[in-house]
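Participant: I need the structure of the sequence given here:
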Amino acid sequence: KVSRTGAVDTSTERIISKWNRSRAGKTVAAQVRTTSRLNRIIDVARRYSGRPYVAGGAGPGSFDCSGFTSYVIERAIGRSLPHQSGQQASSVRRISRSQARPGDLVFFTKGGRVYHVGIYAGGSRLYHASVPGTRSGLGPIFSGNVFFGRVV
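Facilitator: Residues are numbered from 1 along each chain as shown. Presented below is the predicted three-dimensional model:
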């Protein structure tokens, strides 16, 4: 719809401006959807905190780490994740720590292998099911060997 004259006239400026506004609207709508989904993930993680850690636990009465994250994600946004932390890491979009928002996943690594996963709560905290004898809930990110992933 834009003539190729090599000059940007008022008609071309209007078309470009309209296109930019439509793109900005889509971007804002996508950001709102992402924020809403991340907030739902945090709400569900909070709701299921306090359940005992059991190896292989997939909820709702007990959880292991990947059982907790997969259960919470499924209940919050309807997305199915594998019940294994390394497989979960392969099924999300990796993001930088500076991009991470509450509701994203935190993956713990050692020797290049993912061994633990939790739900980022902001700052240096996460919701997770950590070890036998503990309960799922809010705790510190206890290692510097982590990366973040976005499910939504």
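Participant: Can you name the next helix or strand after the worst-scoring helix or strand of the chain on mean pLDDT?
Facilitator: Of all helical and strand segments in the chain, the minimum by mean pLDDT, DSSP states H and E falls on helix 10-47, at a mean of 78. Using DSSP states H and E, the next helix or strand after helix 10-47 towards the C-terminus is helix 65-77.
Participant: and that following helix, how far out from the chain's middle?
Facilitator: Distance of helix 65-77 from the chain centroid (C-alpha atoms, centre = their mean, to the nearest Å) equals 11 Å.
Participant: SS state for Ser130?
Facilitator: Classification of Ser130 using DSSP: H, G, I helix; E, B strand; the rest coil returns coil.
Participant: immediately after the strand or helix carrying Gly139, which helix or strand?
Facilitator: Using DSSP H and E, Gly139 maps to strand 137-140. Following strand 137-140 in sequence order, the next helix or strand is strand 146-150 (DSSP H and E).
Participant: Need the contact partners of that following strand.
Facilitator: The set of residues external to strand 146-150 that reach it, using C-beta atoms under 8 Å, 6 or more residues apart in numbering, is 88-89, 92-97, 99-100, 104-109, 120. From N, CA and C alone the C-beta is placed, and that goes for glycine too.
Participant: repeat that with 10 Å
Facilitator: 34, 37-38, 88-101, 103-109, 114, 116-118, 120, 126 (C-beta atoms under 10 Å, 6 or more residues apart in numbering).
Participant: Alright, I will stop here.
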